[in-house]
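K.L.:
just the structure for this:
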Amino acid sequence: MLTNYVYKLRPNTAQSTKMSNWVDMLRSHYNWCLNDRLTQYAQQFIIGEYCDIKTKSEACPLTCFVSKNGATGEPWKNSGDNKRRSAGMIQDAALPELKKARPWYGGIDSTVLHQNVKRLDIAYKNFFDGRGFPKFKNRSNFTSFTYQMGIKVQKNKIYLPKLGWIRFYNSRPIPNGFVIKAATIRKRQDGWYVSLRIEDKSVPDYIAKPLTDVQSIIGCDLGLTKLVHLSDNHQIDNPRFATNKKTKRALKIRQRRINHKNKGSANRKKEVQKVGRLHKKITDKRQAYQWKVASKIVSRNVDAIAIEDLNVSGMMRRCKVKIDSSTGRFLNNGQSRKKALNRSIADASWGDLTLKIEYLAEKQGKVVIKVNPKHSSQECRKCRHIDKSNRDGEKFICVKCGHIEHADIGAAKTIRDRAFDMVRGDSAEPKRPKNRKEISTRLKSKRVEPGNLSNQDIKAAMS
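P.N.:
Model prediction:
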């Protein structure tokens with residue numbers, strides 16, 4: 001089994017300064033390697049090549065480290081299987097030359113430099129798998145480095161090569177039999193943290209239950225008014241850690257203080273650190289609450305958990321620009337109103353919550369089924385009629401058959417039914433609640449339109 005443990009470090013001033021310098025140098029090295037690969041691609045496929053008169057060989061307009069004619073490239077070197085070396089292998093093998101040309105890189109552990117090149121390889125692999133293209137890093141998004149070997153732990157001290165013994169808060173002892181495979185050092189707003197990757201091959205990995213053995217499913221509908229609506233009529237509150245009135249006021253005051261300070265001054269840096277610590281405090285609260293929510297959902301006595309397969313990045317995308325064809329002026333496209341919605345979606349952090357549910361479900365041998373949420377809150381669960389006017393806020397009143405229920409809880413039940421369809425096959429009938437209570441005669445006599453009933457009437461019909 002392979003898992004990670006995270007601890008907070010307690011480095012002295014010299015160690016903290018050294019790690020900060022390492023991060024700066026590694027960020028520069030990462031950006032240089034990325035630029036070198038971009039230059040090689042431009043020379044080979046865009047700019048073209050030419051013949052050098054002096055060397056009488058094919059050359060490129062701009063010299064490139066990983067090009068096939070570069071002095072250090074040698075793509076076919078040491079290739080016993082007669083395969084061309086990749087750009088990552090060439091840059092990895094040229095690290096000794098980097099240390100000769102830049103002696104200050106010799107103070108960084110060799111495994112850290114190797115992992116820095118591997119980090120770029122992973123970014124390219126993610127790009128070819130359909131994610132975004134690798135980007136150049138800055139101080140805000142490059143704050144970590146990784147060791148591959150040489151890590152030792154003794155009580156409340158950890159040994160990192162070329163950094164020495166560093167004290168840390170041993171809040172979680174490493175179980176017996178586990179071996180440290182790697183360590184990632186990360187700088188956050190309140191200090192340095194280490195993430196230890198530990199492994200024990202004698203402990204089997206978690207095995208999820210196959211879909212054929214699934215007998216019971218609970219559906220989850222993610223929202224903003226309530227964070228999660230469950231198909232068993234249970235609702236989980238959304239504390240809104242970043243968008244509540246008190247936090248928004250605190251952020252506004254602290255960001256205003258930053259603007260009142262001179263750029264580049266020490267006082268401005270202090271205020272920036274205060275804002276960073278406040279953001280970290282909000283993040284830690286959200287993470288702790290999401291673990292509780294995920295544990296509460298997974299602890300249900302069910303075999304599988306059905307979750308909406310949401311495209312959160314698409315939901316937070318900016319509105320399309322509207323232009324008046326006659327005057328050429330920009331028209332109101334609703335982006336100013338959508339800004340608040342995007343903040344609420346980011347604060348809810350549905351993606352992180354889904355990952356936590358998947359992790360805890362796998363530990364307990366349960367299955368997580370991702371369901372297409374299209375029209376889940378607009379579809380009548382009684383007559384299957386889909387209409388946008390069926391829903392009015394949290395009220396759901398079918399305009400065709402008059403079925404009444406809570407819109408979000410009904411959506412959670414629809415997600416559960418769709419998960420049953422996926423488990424049993426498209427031809428299988430979705431599981432229905434056994435004791436469905438009929439709508440009272442008093443409500444049937446009323447006009448069935450969204451917004452025509454009060455909350456008391458809806459509660460009476462659903463009780």
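K.L.:
how's this protein carved up into domains?
P.N.:
2-199, 211-236+277-371, 388-462 (automatic domain parsing).
K.L.:
what's near enough to touch Met149?
P.N.:
Residues in contact with Met149, defined by CB atoms under 8 Å, 6 or more residues apart in numbering, are Thr111. Any C-beta I mention is one placed from the backbone N, CA and C, and that applies to glycine too.
K.L.:
please repeat the previous calculation with a cut-off of 10 Å.
P.N.:
Asp109, Ser110, Thr111, Pro161, Ile180, Lys181, Ala182, Ala183 (CB atoms under 10 Å, 6 or more residues apart in numbering).
K.L.:
one more: Asp237?
P.N.:
Applying CB under 10 Å, 6+ apart, the residues near Asp237 are Thr225, Lys226, Leu227, Val228, Tyr289, Val293.
K.L.:
buried among those residues? Need that as a selection in PyMOL.
P.N.:
To isolate the buried ones among the contacts of Asp237 in PyMOL, judged by 16 or more other CB atoms under 10 Å, type:
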select buried, resi 226+227+228+289+293
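K.L.:
now, which of the contacts of Asp237 sits nearest Ala419?
P.N.:
Ranked by distance to Ala419 (CB to CB), the contacts of Asp237 are led by Val228 at 15.4 Å.
K.L.:
same for the helix or strand hosting the closest one, what does it pack against?
P.N.:
Taking DSSP states H and E as the criterion, Val228 maps to strand 226-230. Counting contacts by 3 or more CB pairs under 10 Å, 6 or more residues apart in numbering; DSSP states H and E, strand 226-230 is packed against strand 217-222, strand 235-237, helix 266-298, helix 350-363, helix 407-424.
K.L.:
nearest to Gln235, of the contacts of Asp237?
P.N.:
Here the nearest of these to Gln235, counting by CB to CB, is Lys226; it sits at 4.6 Å.
K.L.:
so where's the stretch 301-450 of the chain uncertain?
P.N.:
Counting by pLDDT under 70, the stretch 301-450 of the chain has low-confidence residues at 426-450.
K.L.:
rewinding a little: out of the contacts of Met149, list just those in helices.
P.N.:
Mapping the contacts of Met149 onto helices (DSSP state H) picks out Ser110, Thr111.
K.L.:
filter the contacts of Met149 down to the buried ones and express that as a ChimeraX selection.
P.N.:
Here is the ChimeraX selection string for the buried members of these, based on 16+ other CB under 10 Å:
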select :109,110,111,161,180,182,183
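K.L.:
returning to that earlier point: redo the contacts of Asp237 as TSV? Include pLDDT.
P.N.:
Output for the contacts of Asp237, formatted as TSV (pLDDT from 0 to 100):
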residue	pLDDT
Thr225	90
Lys226	92
Leu227	93
Val228	93
Tyr289	96
Val293	95
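K.L.:
dump the contacts of Asp237 into CSV; add distance to Val117 as well.
P.N.:
Below are these laid out as CSV (distance: CB to CB, whole Å):
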residue, distance to Val117
Thr225, 47
Lys226, 46
Leu227, 41
Val228, 41
Tyr289, 38
Val293, 39
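K.L.:
closest one to Arg167 out of the contacts of Asp237, please.
P.N.:
For these, the minimum distance to Arg167 (CB to CB) is 30.0 Å, reached by Tyr289.
K.L.:
quick check: that closest one touching Pro239?
P.N.:
Yes. Using CB atoms under 10 Å, Tyr289 is in contact with Pro239, at 6.2 Å.
K.L.:
quickly list what's touching both of these two.
P.N.:
Common neighbours of Tyr289 and Pro239 (CB under 10 Å, 6+ apart) are Leu227.
K.L.:
who does the strand holding Val228 pair up with?
P.N.:
Applying DSSP bridges, strand 226-230 is found paired with strand 217-222 (antiparallel), strand 235-237 (antiparallel).
K.L.:
can you pull the buried residues of stretch 187-206?
P.N.:
If you call a residue buried by 16+ other CB under 10 Å, then stretch 187-206 has these buried ones: Lys187, Gln189, Trp192, Tyr193, Val194, Leu196, Arg197, Ile198.
K.L.:
dig out what the third one forms beta bridges with.
P.N.:
Taking DSSP bridges, one finds Lys187 as the beta-bridge partners of Trp192.
K.L.:
so who does it touch?
P.N.:
Shown in contact with Trp192 (CB under 10 Å, 6+ apart): 7-11, 15-16, 19-20, 143-144, 166, 168, 185-186.
K.L.:
quick check: the farthest pair among those?
P.N.:
Tyr7 and Ser20 (19.0 Å).
K.L.:
who's more crowded, the two?
P.N.:
Set Tyr7 next to Ser20 and count neighbours by other CB atoms under 10 Å: Tyr7 wins out with 20 against 13.
K.L.:
count of residues packed around the residue nearest to that one when sequence neighbours are not counted?
P.N.:
Closest residue to Tyr7 apart from its sequence neighbours, by CB to CB, 6 or more residues apart in numbering: Phe168 at 4.7 Å. As a burial measure, Phe168 scores 19 neighbours (other CB under 10 Å).
K.L.:
quick one: low-confidence parts of the stretch 151-300 of the chain?
P.N.:
Regions of the stretch 151-300 of the chain meeting the criterion pLDDT under 70 are absent.
K.L.:
could you redo the last one with a cut-off of 90?
P.N.:
Low-confidence segments of the stretch 151-300 of the chain (pLDDT under 90): 175-177, 189-190, 200-216, 233, 264.
K.L.:
check contacts around Met316.
P.N.:
So Met316 contacts Lys338, Lys339, Leu341, Asn342, Arg343, Ile345, Ala346 (CB under 10 Å, 6+ apart).
K.L.:
just those: which are in strands?
P.N.:
Judged by DSSP state E, strands contain none of the contacts of Met316.
K.L.:
wait, which of those residues is closest to Ile217?
P.N.:
Ile345 (25.6 Å).
K.L.:
count the neighbours of that closest one for me.
P.N.:
Count around Ile345 with other CB under 10 Å applied: 19.
K.L.:
give me the nearest residue to it, chain neighbours excluded.
P.N.:
Met316 (5.7 Å).
K.L.:
quick check: the farthest pair among the contacts of Asp237?
P.N.:
Based on CB to CB, the longest span within those runs between Thr225 and Tyr289 and measures 16.1 Å.
K.L.:
before we move on, back to that, quick check: the farthest pair among the buried residues of stretch 187-206?
P.N.:
Maximum pairwise distance in the buried residues of stretch 187-206, criterion CB to CB, is 26.1 Å, between Gln189 and Ile198.
K.L.:
SS state for Asn4?
P.N.:
Counting by DSSP: H, G, I helix; E, B strand; the rest coil, the backbone at Asn4 sits in strand.
K.L.:
residues of the helix or strand that contains Tyr30 that come out buried?
P.N.:
Assigned by DSSP H and E, Tyr30 belongs to helix 13-42. Across helix 13-42, burial judged by 16+ other CB under 10 Å covers 15-16, 18-19, 22-23, 25-27, 29-31, 33-34, 36-37, 39-40.
K.L.:
which other helices and strands contact it?
P.N.:
Helix 13-42 packs on strand 2-10, helix 87-93, helix 95-101, helix 110-128, strand 144-147, strand 164-168, strand 179-188, strand 191-199, going by 3+ CB pairs under 10 Å, 6+ apart.
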